[in-house]
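1. Please work out how this folds:
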Amino acid sequence: MEYVEILKALGESTRLKIFEMLQNGQLCACKILEQLHITQPTLSHHMKILCDCGLVKAEKDWKWTYYSIDCEKLQGLILFLNHTKCMQTKK
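-> This is a model prediction of the structure:
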């Protein structure tokens, strides 16, 4: 399953917070650090997981790294989830 790693990545609260922050657009790692109050090595760990699963893209600009959601990958996940049939049981 290609979406297992994305779902696992979003299953951790700090990474879910980072994803929520990125929903508003591209962010520099420094802005993420300011809002989460975590160390740089901890952020790097979380960003590696989000990037490795394909949900987040990283762009280097000199000494800064900017992160954004990979919309194509996210759309694939949304389509996958939309194809799930939910059945309600009658009482």
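
2. hey, let's count contacts and neighbours off CA atoms from now on
-> OK.

3. hmm, who's touching stretch 18-28?
-> Leu10, Ile32, Trp64, Thr65, Tyr66, Tyr67, Ser68, Ile69 (CA atoms under 8 Å, 6 or more residues apart in numbering).

4. Three-state assignment for Phe58, please.
-> That one is not Phe; residue 58 is Ala. strand (DSSP: H, G, I helix; E, B strand; the rest coil).

5. per-residue confidence for it?
-> The model reports Ala58 with a pLDDT of 97.

6. And Lys85, which helix or strand is it part of?
-> Assigned by DSSP states H and E, Lys85 falls within no helix or strand.

7. Pull up the gap between it and Thr14, please.
-> As judged by CA to CA, to the nearest Å, Lys85 and Thr14 stand 30 Å apart.

8. So for these two, which sits in the more crowded spot?
-> It is Thr14, of Lys85 and Thr14, that has more neighbours when counted by other CA atoms under 10 Å, with 16 against 7.

9. Can you verify that one is assigned to a strand?
-> No. The assignment for Thr14, made by three-state DSSP, is helix rather than a strand.

10. which element is Thr65 on?
-> strand 64-69.

11. residues in contact with that strand?
-> Contact partners of strand 64-69, identified using CA under 8 Å, 6+ apart, comprise 19, 22-23, 25-29, 55-60.

12. same thing but at 7 Å, please
-> Residues from elsewhere that reach strand 64-69 (CA atoms under 7 Å, 6 or more residues apart in numbering): Leu22, Gly25, Gln26, Leu27, Cys28, Ala29, Leu55, Val56, Lys57, Ala58, Glu59, Lys60.

13. Make JSON lines out of those residues and add distance to Pro41 and neighbour count.
-> Putting those into JSON lines (distance: CA to CA, whole Å; neighbours: other CA atoms under 10 Å) gives the following:
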{"residue": "Leu22", "distance to Pro41": "19", "neighbour count": "17"}
{"residue": "Gly25", "distance to Pro41": "23", "neighbour count": "10"}
{"residue": "Gln26", "distance to Pro41": "20", "neighbour count": "16"}
{"residue": "Leu27", "distance to Pro41": "17", "neighbour count": "18"}
{"residue": "Cys28", "distance to Pro41": "15", "neighbour count": "17"}
{"residue": "Ala29", "distance to Pro41": "11", "neighbour count": "17"}
{"residue": "Leu55", "distance to Pro41": "20", "neighbour count": "23"}
{"residue": "Val56", "distance to Pro41": "18", "neighbour count": "23"}
{"residue": "Lys57", "distance to Pro41": "18", "neighbour count": "19"}
{"residue": "Ala58", "distance to Pro41": "16", "neighbour count": "19"}
{"residue": "Glu59", "distance to Pro41": "18", "neighbour count": "12"}
{"residue": "Lys60", "distance to Pro41": "17", "neighbour count": "10"}
